[in-house]
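*Asks:* Sequence first, predicted coordinates after that:
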Amino acid sequence: MLRADGTPPRVLVVDDEPDLTEVLSGVLRYEGWRVRTAADGASALAVARDFCPDAVVLDWMLPDMDGLRVLRELRAALEDVCVLFLTARDAVEDRIAGITAGGDDYVTKPFSLEEVLARLRGLLRRAGMAREPSADRLVVGDLVMDEEAHEVTRGGEAIELSKTEFELLRFLMRNPRRVLSKAQILDRVWSYDFGGQAHVVELYISYLRKKIDAGRPPLIRTVRGVGYVLKPDAQ
């Protein structure tokens, strides 16, 4: 999904169970979303003020305050933020209390990671805070390519590419997180047999890095002795 400015959705995960937080954050990051975490209510509010999340996955029971209080303070600072409650409490009155307090949705533990992701997508879509990329768009982290318009942005900022740079980046973006050898890149982008042309790939990868990664967390990574991979930053 993408926000209106072309950047990935921002999600704050608040839970005092480290294993759950790590796994859920990993799933969201794998989707290319930006994620921050907090283990208690006070930390959550501090992170939210700095991070300005589009959505918050909020545990009902936290060590320092309950989720309803965190929700009220979140709403005071970020009126439009989407809030998905996580809780082991599934009584009807608890659900009513959460929704009445301003929660947007409710998932009981244990839950499937796919369900949480689907509910977050639904919340952001209904709130108009993010949308699915169109079929002619490629998205890896905050890097977006509109193939039809021949445009590339990162973090909402336009990036000018030559025809060859565009084709190289298109190949990398169509194969995110997959290590591509120089031979594969030459064959697909230049239609060359491998024979001694590795320097061409190295040269254009360096051109792309200067435009795509300059001053930003790197997306284009070298796997020594194997090739290159386009992978979102772990943050």
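*Replies:* Everything's here; your move.

*Asks:* Helix or strand with the lowest mean pLDDT in the protein?
*Replies:* Between all helices and strands in the chain, the lowest mean by mean pLDDT, DSSP states H and E belongs to helix 92-100, at a mean of 62.

*Asks:* How far does stretch 205-220 sit from its chain's centre?
*Replies:* 18 Å (Cα atoms, centre = their mean, to the nearest Å).

*Asks:* residue contacts, the residue most central in space within the chain?
*Replies:* In the chain, the residue lying closest to the centroid (Cα atoms, centre = their mean) is W33, at 1.1 Å. Contacts for W33 were tallied using Cβ atoms under 8 Å, 6 or more residues apart in numbering; they are 1, 8-11. Just so you know, the C-beta spots here come from the backbone N, C-alpha and C atoms, and that holds for glycine as well.

*Asks:* so which of those residues would you say is closest to R121?
*Replies:* Of all those, M1 has the smallest distance to R121: 6.2 Å, by Cβ to Cβ.

*Asks:* Now do the same contact list for the residue lying closest to the closest one once chain neighbours are set aside.
*Replies:* Leaving aside its sequence neighbours, M1 sits nearest to A130 (Cβ to Cβ, 6 or more residues apart in numbering; 4.3 Å). Counting by Cβ under 8 Å, 6+ apart, A130 makes contact with 1-4, 9, 54, 124.

*Asks:* and R209, what does it touch?
*Replies:* With Cβ under 8 Å, 6+ apart, R209 has these contacts: 218, 220.

*Asks:* For the chain, just list every one of the strands.
*Replies:* In the chain, the strands defined using DSSP state E lie at 10-14, 34-38, 55-59, 82-87, 105-108, 137-140, 143-146, 151-154, 157-159, 220-223, 227-230.

*Asks:* So which elements touch the first one?
*Replies:* Of the remaining helices and strands, those touching strand 10-14 by 3 or more Cβ pairs under 8 Å, 6 or more residues apart in numbering; DSSP states H and E are helix 18-30, strand 34-38, helix 41-51, strand 55-59.

*Asks:* repeat that for 10 Å
*Replies:* helix 18-30, strand 34-38, helix 41-51, strand 55-59, helix 67-77, strand 82-87, helix 113-126 (3 or more Cβ pairs under 10 Å, 6 or more residues apart in numbering; DSSP states H and E).

*Asks:* Could you do the longest one as well?
*Replies:* Taking 3+ Cβ pairs under 10 Å, 6+ apart as the contact definition, the neighbouring helices and strands of strand 82-87 are strand 10-14, strand 55-59, helix 67-77, helix 92-100, strand 105-108, helix 113-126.

*Asks:* And Y207, how far from L28?
*Replies:* To L28, Y207 is 31 Å away according to Cβ to Cβ, to the nearest Å.

*Asks:* do the same with H199
*Replies:* The gap separating H199 from L28 is 39 Å, by Cβ to Cβ.

*Asks:* Ok, L203 next?
*Replies:* For L203 relative to L28 (Cβ to Cβ), the value is 35 Å.

*Asks:* higher neighbour count, these two?
*Replies:* Comparing L203 with L28 by other Cβ atoms under 10 Å, the one with more neighbours is L28, at 23 against 9.

*Asks:* So what pairs up with the closest residue to that one other than its chain neighbours in the strands?
*Replies:* Using Cβ to Cβ, 6+ apart and skipping the chain neighbours, the partner closest in space to L28 is V35 (4.9 Å). Counting by DSSP bridges, V35 forms beta bridges with V11.

*Asks:* What is the burial count for the closest residue to V14 other than its chain neighbours?
*Replies:* Of all residues not flanking V14 in the chain, A44 sits nearest, at 4.3 Å (Cβ to Cβ, 6+ apart). By other Cβ under 10 Å, 29 other residues sit near A44.
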